[in-house]
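# Structure for the following, please:
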Amino acid sequence: MFRRRAALIAVSAVACSSAAAVYASTSGTDETVAVPVPDQRVAAYCAALHARLPSKVDGLPRHDLKPRSDLTAGWGDPSIVLRCGVPRPGVDADPDADGVDVDGVGWVIEREPGGAFRLTTTLRKAYVEVTLPRKYADDLGPLTDLAGAVKKTIPEGI
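Residues are numbered from 1 along each chain as shown. Below you'll find the model as predicted:
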């Protein structure tokens, strides 16, 4: 009975992760976002990050997203969305992928449909994803505002 229950929990976690990845790639800046399903170690890094996130990013006020979670945050309308504990993006393994270093934090850049950008940290023990809606996509200012909190809470490494 215990093995079966553990297997069901494991399968449920994988299904949630898969659904989160699909939802994130289709929803971008909606007020309702998929919450990542990281392991305990990564969740602890994300909780520490959540506590240090700034009240404003690019001058925009912070607000909770739905469902409320220590793994997500939003700023502005349409929302700049942060999700912590996401899986490593496939593009991270591509040496030709677009990337940027902002105040000591590396980010890989992916263009989303509709002109939004998804930026995901690299070489950190937890992956942090920031989606910039098209309205804010021409400015990396939000990453400058977030870099300090990422550096203080999520150690370098893989």
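
# CA atoms for contacts and neighbours, from now on please.
Fine.

# Which strands or helices does the helix or strand encompassing residue 129 pack on?
Element membership for residue 129 (DSSP states H and E) is strand 127-132. The elements that strand 127-132 packs onto, with contact taken as 3 or more Cα pairs under 8 Å, 6 or more residues apart in numbering; DSSP states H and E, are strand 80-86, strand 117-121.

# Now do the shortest one against strand 127-132, angle only.
Taking axes from the mean of the first three to the mean of the last three Cα atoms, to 10 degrees, strand 117-121 and strand 127-132 form an angle of 160 degrees between their directions.

# Direction included, what does strand 117-121 pair up with?
strand 105-111 (antiparallel), strand 127-132 (antiparallel) (DSSP bridges).

# related to what we said a few turns ago, so what's the gap between the strand holding residue 129 and the chain middle?
4 Å (Cα atoms, centre = their mean, to the nearest Å).

# how about it as PDB, C-alpha atoms only?
Only the C-alpha atoms of strand 127-132 are listed here, as PDB (Å, rounded to 0.1, in the frame of the first residue of the first chain):
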ATOM      1  CA  TYR A 127      16.200  28.300 -11.700                       C
ATOM      2  CA  VAL A 128      14.200  31.600 -11.600                       C
ATOM      3  CA  GLU A 129      12.100  32.500 -14.600                       C
ATOM      4  CA  VAL A 130      10.900  36.100 -15.400                       C
ATOM      5  CA  THR A 131       8.400  36.700 -18.100                       C
ATOM      6  CA  LEU A 132       8.400  40.300 -19.500                       C
END
